[in-house]
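Q: would you be able to build a 3D model of this:
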Amino acid sequence: ILAQYERGVVLFLGRHTPKWYFFPYPFSLIRGLIPTPFFFKGNRGPGLVFTIPLLETMIRVDIRDELTRFKAAQTQTKDQAPVDAQGGQIWSIDPDEPHLSVLSGKDVLELVEGSLDLVAKSALGQFDLDTAISDKRRITASMREYIKPLMERWGLLTHEISLSDVQITLPEVQASIAQAMEAKYTAGAKVSIAERELQVAQLNDQAARIYQANPQAWRVRQLQAFEVAA
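A: Got it, this is the predicted structure:
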């Protein structure tokens, strides 16, 4: 009995046939007639599954989602900047073609882990450091293009692949980027303060024009100031 999340890869005398195949009885009920056929399939499940003893061997395959983490250490970007990258991929075995995961590779999990490291290094090598830090979507899109033919070869489906972190290994480069970010935010703060001062000056100019046109309002404002001072 195969569970809902399982598939069976059946080998008939060591050979797999993904589609329905013909297996006749060795003897006919009536001489001269075509032997009564049995039909079998190489991929089976879920549910109740029958196999022929001694002739068929079934391998159980789990088609639930798997999470594989990768770490592309000591990787160089397009502008020769050394970085370390980390991320993960969510994948599963194709329920329609589970035999590929059994016949195409000895250990699918090990293949996915090794290929993710290589694919991440290849993708990072196409972009400069600024893109690797600020725009990770382009890198993950490139990784998906690289790994798609491999996953199809092994009968796997890629549901999500992401690059979670890109770290710079050289302290000098880290210090330079930190100084640039500090200068950027400092300049932004100064611009914000100057804009607020400009708004205050414009409002004061409007208030002065109103008081100049209406002396009674200016006297009331002075009385309010004296009350606050008192």
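Q: for Tyr146, which non-adjacent residue is closest in space?
A: Val119 (4.4 Å; C-beta to C-beta, 6 or more residues apart in numbering). For the C-beta atoms, the positions are set from N, CA and C on the backbone; glycine is no exception.
Q: which of the helices or strands spans that neighbour?
A: Using DSSP states H and E, Val119 sits in helix 108-124.
Q: do Gly8 as well
A: strand 6-12.
Q: show me what that strand is packed against.
A: Helices and strands touching strand 6-12, by 3 or more C-beta pairs under 8 Å, 6 or more residues apart in numbering; DSSP states H and E, are strand 37-41, strand 43-44, strand 56-62, helix 99-103.
Q: any idea how far the residue nearest the centre of the chain lies from Thr140?
A: Nearest to the geometric centre of the chain sits Ile161, at 2.0 Å (C-alpha atoms, centre = their mean). Ile161 is 6 Å from Thr140, where distance means C-beta to C-beta, to the nearest Å.
Q: spit out the residues that contact the two alike.
A: Gly87 (C-beta atoms under 8 Å, 6 or more residues apart in numbering).
Q: what is the orientation angle of the helix holding Val119 with strand 56-62?
A: Here the directions of helix 108-124 and strand 56-62 differ by 50 degrees (axes from the mean of the first three to the mean of the last three C-alpha atoms, to 10 degrees).
Q: chain center to the next helix or strand after helix 108-124: distance?
A: Using DSSP H and E, the helix or strand that directly follows helix 108-124 along the chain is helix 129-134. Relative to its chain's centre, helix 129-134 lies at 17 Å (C-alpha atoms, centre = their mean, to the nearest Å).
Q: now do helix 129-134: which elements does it pack against?
A: Using 3+ C-beta pairs under 8 Å, 6+ apart: helix 129-134 touches strand 82-93, helix 136-153, strand 156-168.
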